[in-house]
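*Asks:* Fold the following and give me the result.
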Amino acid sequence: MIKVQDFYNELLKNDITFFAGVPDSLLKDICAYITSHTPREKNIITANEGGAIALGAGYYLATNKIPLIYMQNSGIGNAVNPLLSLADKDVYSIPMILLIGWRGEPQTKDEPQHVKQGRVTPELLKGMEIPFQIMDEKSDYEDIINNSVKKAKEILAPVAILVRKNTFDSFLLNQSENNSYELSREKALEEVLQFIPENSVIVSSTGMLSRELFELREKHKQSHEADFLVVGSMGHTSQIALGVALGKPSKQVFCFDGDGSAIMHLGNYAITGSISPKNLKIIIFNNGAHDSVGGQPTVGQWIDFPKIADAMHIKIFGSIRTQQEIKDTLPEFINFPSIALLDIRIKKGARKDLGRPTSTPLQNKKLFQTFLQK
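*Replies:* Prediction:
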């Protein structure tokens, strides 16, 4: 495997000192190393991948130095517009290095939501005319970095490094910034589920949250039919929930979102607030981290979600952080006669033996639709 320290030092040798992006599970070790060894103002974990491209472009304009933008290949979709209408050589011609984790690479085992994305990733890059090299644990990383920087300077446009699974050696992020809240996400979720009325609908965000929801249903021998598990499409959970609420006004709909997901497309909450369906309730499980991809920090616990929701004309029930506060708040929150939002502050992390849904996304969809049509 490639040592993250060596890879990072080679980037510095090539005068790459500014980093931005959204963490990825295949890149979690190099991202953790960058976070631990780079000044805060030189490594920005952005709301979404498109924002990272724009941020890198601004930094290049100001310094004439090439930035490195990291992302999972599923995030390319967020980045397409600024890559083609901002950084492209036919527009502003801005060089940058894209470090992309290749989830769902053909002939590798991965989750269903990554299979199609992995298969088409090389063709997406080719279609955008972005030169790329593939890197794995046996690659000459020095040569790849040097060639990438040389190519970016030559064409004055983005170039990519597509990173295979198990390319980097392990590096654990310093967890000293961990919070001291009482509840884990799973414990908070289990407590919340006790108050959700029967016949209600839950739309839960991608990552650990949906995995824990699935396992809690199994633990308590409950049906999965009322749960839509958003295994991909990060940042869009609230709009899926809004669509369900508008399409089925007879059902009470609960959107279980994560702070990273909510931040990724926060403008969606303004649209939701402008419509304000009476049957929609939003709960943000806020641990201030991208838990599914190594615990990289978000700004989730630095911002005030209730104040943001209030400005978007969504009724707020504050930020709570204990089991007793859940017991005290949930009945009134659930019975409020219009849209409302609750922010639950929780600890980072998840249990190591947490499984994944045993049903496929298509099975989940069919069961969910059948439930809605009852």
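*Asks:* got the contact list for the closest residue to residue 27 other than its chain neighbours?
*Replies:* Nearest residue to residue 27, sequence neighbours excluded (CB to CB, 6 or more residues apart in numbering): residue 101, at 4.6 Å. Any C-beta I mention is one placed from the backbone N, CA and C, and that applies to glycine too. Listed by CB atoms under 8 Å, 6 or more residues apart in numbering, the contact partners of residue 101 are 24-27, 70-73, 163.
*Asks:* CSV for the residues you listed, including neighbour count?
*Replies:* Formatted as CSV, the contacts of residue 101 follow (neighbours: other CB atoms under 10 Å):
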residue, neighbour count
24, 27
25, 16
26, 22
27, 26
70, 27
71, 26
72, 24
73, 25
163, 28
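*Asks:* Looking at those residues, which are in strands?
*Replies:* Helix and strand membership here follows DSSP state E; of the contacts of residue 101, those in strands are 70-72, 163.
*Asks:* CSV please, covering those and showing pLDDT.
*Replies:* Shown next, in CSV, are those (pLDDT from 0 to 100):
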residue, pLDDT
70, 98
71, 97
72, 96
163, 98
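*Asks:* Pick the one among the residues you listed closest to residue 231.
*Replies:* residue 72 (13.5 Å; CB to CB).
*Asks:* my read: the closest one touches residue 104, true?
*Replies:* No. The pair residue 72 / residue 104 is not scored as a contact, 9.8 Å apart, by CB atoms under 8 Å.
*Asks:* hang on, the earlier thing: which among the contacts of residue 101 gets closest to residue 191?
*Replies:* Relative to residue 191, the closest of the contacts of residue 101 is residue 25; by CB to CB it sits at 27.9 Å.
*Asks:* Without its sequence neighbours, what residue ends up closest to the closest one?
*Replies:* Excluding the flanking residues, the one nearest residue 25 by CB to CB, 6+ apart is residue 293, at 4.6 Å.
*Asks:* Next, the closest residue to residue 322 other than its chain neighbours: secondary structure please.
*Replies:* Distances taken as CB to CB, 6+ apart put residue 182 closest to residue 322, at 5.1 Å, once the chain neighbours are dropped. For residue 182, the assignment made with DSSP: H, G, I helix; E, B strand; the rest coil gives coil.
*Asks:* Which residues are in contact with residue 182?
*Replies:* With contact taken as CB under 8 Å, 6+ apart, residue 182 is in contact with 321-323, 347.
*Asks:* can we see that at 7 Å?
*Replies:* With contacts defined as CB atoms under 7 Å, 6 or more residues apart in numbering, the neighbours of residue 182 are 321-323.
*Asks:* cool, residue 119 as well?
*Replies:* Going by CB under 7 Å, 6+ apart, residue 119 touches 104, 106.
*Asks:* what's the following helix or strand after the strand or helix carrying it?
*Replies:* Using DSSP states H and E, residue 119 maps to helix 112-127. Along the chain past helix 112-127, the next helix or strand (assigned with DSSP H and E) turns out to be strand 132-135.
*Asks:* Note down every partner strand of that following strand and its orientation.
*Replies:* Counting by DSSP bridges, the strands paired with strand 132-135 are strand 158-163 (parallel).
*Asks:* and residue 151, that's in a strand?
*Replies:* No. Assessed by three-state DSSP, residue 151 does not belong to a strand; its assignment is helix.
*Asks:* That one against residue 132, yeah?
*Replies:* No. With contact defined as CB atoms under 7 Å, residue 151 does not reach residue 132; the gap is 9.7 Å.
*Asks:* Overlap in contacts, these two.
*Replies:* Overlap between the neighbourhoods of residue 151 and residue 132 consists of residue 159, taking contacts as CB under 7 Å, 6+ apart.
*Asks:* list the buried ones in the helix or strand hosting residue 308?
*Replies:* With elements delineated by DSSP H and E, residue 308 resides in helix 305-311, which encompasses its position. Taking 16 or more other CB atoms under 10 Å as the basis for neighbour counts, the residues of helix 305-311 that come out buried are 305-306, 308-309.
*Asks:* from those, which is closest to residue 353?
*Replies:* For the buried residues of helix 305-311, the nearest to residue 353 is residue 305 (30.3 Å; CB to CB).
*Asks:* so what's the closest one up against?
*Replies:* Remark: with contacts taken as CB under 7 Å, 6+ apart, residue 305 is in contact with 284, 286, 341, 343.
*Asks:* can you tell me how far it sits from residue 214?
*Replies:* 25 Å (CB to CB, to the nearest Å).
*Asks:* Same check on residue 253?
*Replies:* Spatial separation of residue 253 from residue 214 under the definition CB to CB is 18 Å.
*Asks:* just residue 128 next, same as before
*Replies:* Here the distance between residue 128 and residue 214 works out to 35 Å (CB to CB).
*Asks:* of those two, who's got more company?
*Replies:* For residue 128 and residue 214, the more surrounded residue by other CB atoms under 10 Å is residue 214, and the numbers stand at 21 against 17.
*Asks:* Does that one touch residue 354 like I think?
*Replies:* No. With contact defined as CB under 7 Å, residue 214 and residue 354 do not form a contacting pair (9.8 Å).
*Asks:* Please give me every residue in contact with residue 104.
*Replies:* By CB under 7 Å, 6+ apart, residue 104 lies in contact with 110, 114-115, 117-119.
*Asks:* okay if I get those as JSON lines plus distance to residue 96?
*Replies:* Output for the contacts of residue 104, formatted as JSON lines (distance: CB to CB, whole Å):
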{"residue": "110", "distance to residue 96": "27"}
{"residue": "114", "distance to residue 96": "24"}
{"residue": "115", "distance to residue 96": "28"}
{"residue": "117", "distance to residue 96": "21"}
{"residue": "118", "distance to residue 96": "23"}
{"residue": "119", "distance to residue 96": "25"}
